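**Q** Let's see this in three dimensions:
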Amino acid sequence: MARKRKTDSSNTKNEGVWFSLPGNCDDVVISTRARLARNLADFPFPSKMTADDKSRVQSLVYDAFSGAEDWRFIDMTQISLPGKQILSDKNILDEECGAAVINYGDESSCCLVNGTDHIKIASFTPGLDCEKAMEKVYKVDEFLQNKLQFAANIDFGYLTSQVKDCGTGLKFTVRLFIPSIVLSGQFDSIVTLVQSKKMVIKPVFKSEQIADFSNCLFDVCTSSSAEGTELDQMAGIHSIVSVILKRERKIRSNFADNNPTVVLNFFKQSYARAMYSLLLSYEEAVSIISAVKWGLQLKLIKGISEYELNGLYYRVKDGHLKYLCDNYAFTFEDDIKSSVPMQIKRLRAIVIQQAFEGIVNEKSVS
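**A** Model prediction:
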């Protein structure tokens, strides 16, 4: 594929955006998300609102954010499908809503309006940092409380459309990469451990192939906002993630020592697939990125960082690649010129190949 303008790092790394930055324990923890659910007093929940109610709520939220530095209000009825896809790819838009307010400093905070609740504030951090994520959502919450009246009850706390979200309205989600636990057959014990703490663990992808590294990404979430204080909830998920983190690192070391050829094969197959593929689906890309990430952790390679690989999960999503196709002059092969999905797959392969250009293989089979 010929390109009139190279897709260099300045165009694709999104430098300064939260997911392109280093984070605590980012070998295992991809990201931490904190979310607050809030509803305005004197309005029914969104599912029961009239069109006029929804318009009034949006106006109130818009006025509350009006003049706030770095925040941008987006009416979802006015945004294109590619625009919605980009917001969804960044985990900002995770449900249907009437509007979104996004902090465009590093895009790490957002507020959805008229989704399942009137307001859902979310903040993201790279790596494991529940305290920072919580601090950021409560900063926005405090800002809004000075201008809006939220529905609350002395017995039930903040009132939300979902019973499990009442109380603090706070929910944490931590995304983990745990290939050593999965490949060693010890994942069931992690599920039992998480469930014993009344939390949830769920796969980000579900591939039918056991050796597919996209099967090694999981979200651990708090399941109820009603039990304990915000600090209790934060401490609970931080504690359980810390246990999983330590176990992954311990198993990783043992697995590599006992299965060097198997480990090296996983990496070499994925790296070769990355460098010689012309078309890649997103799930294929996730599996490749994850295998290379594991190779980095096992010191099979050097020349790329954990946070660069973590950022790559976001950079190769459909929305971002469609944006590149629309805004940069690429000349695609004749047989894929008329197919946007095929162009995205082609560009995804190129972005990954460019990201892997500096990788040096440190080990070979002895």
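**Q** lowest average confidence, helix or strand, in this protein?
**A** helix 9-12 (a mean of 36; mean pLDDT, DSSP states H and E).
**Q** from the chain's centre, how far out does the helix or strand that that helix is followed by sit?
**A** Per DSSP states H and E, the first helix or strand lying C-terminal to helix 9-12 is strand 29-38. Chain-centre distance of strand 29-38: 9 Å, with C-alpha atoms, centre = their mean, to the nearest Å.
**Q** pLDDT of strand 29-38, averaged?
**A** Regarding strand 29-38, the rounded mean pLDDT is 96.
**Q** And the helix or strand following it, what does it pack against?
**A** Where DSSP H and E defines the elements, the next helix or strand beyond strand 29-38 is helix 51-65. Packing contacts for helix 51-65, counted by 3 or more C-beta pairs under 8 Å, 6 or more residues apart in numbering; DSSP states H and E, involve strand 71-75, strand 99-103, strand 109-113, helix 130-145. To be clear about C-beta, it is placed using only N, CA and C from the backbone, and glycine gets the same treatment.
**Q** Output the following helix or strand past the third one as PDB, restricted to C-alpha atoms.
**A** Moving toward the C-terminus from strand 109-113, the first helix or strand encountered (DSSP H and E) is strand 119-126. Coordinates of the C-alpha atoms in strand 119-126 are reproduced here as PDB (Å, rounded to 0.1, in the frame of the first residue of the first chain):
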ATOM      1  CA  ILE A 119     -25.400  12.100  34.900                       C
ATOM      2  CA  LYS A 120     -22.600   9.500  34.900                       C
ATOM      3  CA  ILE A 121     -19.200  10.900  35.600                       C
ATOM      4  CA  ALA A 122     -16.200   8.800  34.700                       C
ATOM      5  CA  SER A 123     -12.400   9.200  34.900                       C
ATOM      6  CA  PHE A 124      -9.600   7.000  33.700                       C
ATOM      7  CA  THR A 125      -6.000   6.500  34.600                       C
ATOM      8  CA  PRO A 126      -3.400   4.300  33.000                       C
END
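**Q** what lines up beside strand 119-126 in the sheet?
**A** When pairing is defined by DSSP bridges, strand 119-126 lines up against strand 29-38 (antiparallel), strand 109-113 (antiparallel).
**Q** Can I get those strands in TSV including distance to Arg56 and mean neighbour count?
**A** Output for these, formatted as TSV (distance: least, C-beta to C-beta, whole Å; neighbours: other C-beta atoms under 10 Å):
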stretch	distance to Arg56	mean neighbour count
strand 29-38	16	26
strand 109-113	11	26
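**Q** Tabulate these (TSV), appending distance to Lys317.
**A** Listed next are these as TSV, based on distance: least, C-beta to C-beta, whole Å:
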stretch	distance to Lys317
strand 29-38	14
strand 109-113	17
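**Q** Can you give me the buried ones in the helix of greatest length in the chain?
**A** Looking across the chain with DSSP state H, the single longest helix is helix 230-258. Of the residues in helix 230-258, 230, 233-234, 236-238, 240-241, 244-245, 247-248, 251-252, 255-256 count as buried by neighbour count, 16 or more other C-beta atoms under 10 Å.
**Q** follow-up on the earlier one: between the helices and strands packed on helix 51-65, which gets nearest to Ala64?
**A** Each of the helices and strands packed on helix 51-65 has some distance to Ala64 by C-beta to C-beta; the shortest is helix 130-145, at 5.5 Å.
**Q** pLDDT (mean, whole number) over whichever helix or strand comes after that closest one?
**A** Using DSSP H and E, the helix or strand that follows helix 130-145 towards the C-terminus is strand 152-153. Throughout strand 152-153, pLDDT has a mean value of 90.
**Q** Please apply the same query to stretch 356-364.
**A** 79.
**Q** any idea how far Tyr276 lies from Val263?
**A** Here the criterion is C-beta to C-beta, to the nearest Å. By it, Tyr276 lies 21 Å from Val263.
**Q** So if I had to pick from these two, which one is more boxed in?
**A** More crowded of Tyr276 and Val263, by other C-beta atoms under 10 Å: Val263, with 22 against 9.
**Q** State the helix or strand in which that one lies.
**A** Assigned by DSSP H and E, Val263 falls in helix 260-276.
**Q** Run the angle between that helix and helix 230-258 for me.
**A** Here helix 260-276 points in a direction 100 degrees away from that of helix 230-258 (axes from the mean of the first three to the mean of the last three C-alpha atoms, to 10 degrees).
**Q** Can you give me the buried ones in helix 260-276?
**A** 263-264, 266-268, 270-271, 273-274.
**Q** Nearest the geometric middle of this protein, what residue?
**A** Geometric centre of the chain, nearest residue: Asn91, 5.4 Å, by C-alpha atoms, centre = their mean.
**Q** how about that one, what does it touch?
**A** Each residue near Asn91 by C-beta atoms under 8 Å, 6 or more residues apart in numbering is listed here: 31, 33, 124.
**Q** let's go with 7 Å and repeat that
**A** Phe124 (C-beta atoms under 7 Å, 6 or more residues apart in numbering).
**Q** Next, it: secondary structure please.
**A** Per DSSP: H, G, I helix; E, B strand; the rest coil, the local secondary structure of Asn91 is coil.
**Q** Find me the pLDDT at it, would you?
**A** 85.
**Q** and the gap between it and Thr173?
**A** According to C-beta to C-beta, Asn91 stands 9 Å off from Thr173.
**Q** Kindly report the same for Asp165.
**A** Relative to Thr173, Asp165 is positioned 13 Å away (C-beta to C-beta).
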